[in-house]
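Q: pasted the sequence and its predicted model underneath.
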Amino acid sequence: MPEIERLSDVCKLLGDKMRLTILSLLKERELCVYEIVELIQTSQPNVSQHMRKLKAGGLVKEAKKGQWVFYSLNIEDKPFLHEFFQYLPSQKEKVNAISCKDLNCCD
């Protein structure tokens with residue numbers, strides 16, 4: 001039964017449009033909160049709340065670089081998500097069009 005509960009929890013996380021969008025962005029590369037805020041046009045507290053849930057659910061991991069936190073996908077141990085992530089629309093152009101340098105953060 002623990003596997004069913006784990007899968008159910010992951011499905012709940014994926015069922016939110018904002019979190020699914022964030023995961024789609026992170027599929028392209030590691031991002032800081034401010035890049036995510038800019039890309040999805042929402043507030044920093046809103047993004048942070050979603051990141052906290054995704055991290056608690058084991059779908060993202062964070063890495064501190066100085067005072068800044070960068071997020072990346074953490075699905076290596078979840079093979080059932082690999083195919084699912086192939087169906088997420090590419091966000092490559094959006095992600096490549098923005099950087100911490102442009103936003104004057106994280107540098």
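A: Great, that's in hand. Small disclaimer: the values here were computed from a predicted structure and weren't measured.
Q: in this structure, what helix or strand scores lowest on average pLDDT?
A: The element with the least model confidence among the helices and strands of the chain, by mean pLDDT, DSSP states H and E, is helix 100-103, at a mean of 80.
Q: how about it: buried residues?
A: The neighbour-count criterion (16 or more other CB atoms under 10 Å) identifies residue 100 as the buried residues of helix 100-103. Where you see a C-beta, it was placed from the backbone N, CA and C, and this is true even at glycine.
Q: contacts for that helix next, please.
A: Contacts made with helix 100-103 from outside it, assessed by CB atoms under 8 Å, 6 or more residues apart in numbering, are listed as 32, 34, 35, 38, 68, 106, 107.
Q: quick one, helices of the protein?
A: Assigned by DSSP state H, the helices in the chain fall at 2-14, 17-26, 33-40, 44-56, 79-86, 92-96, 100-103.
Q: endpoints of stretch 56-67, how far apart?
A: 21 Å (CA to CA, to the nearest Å).
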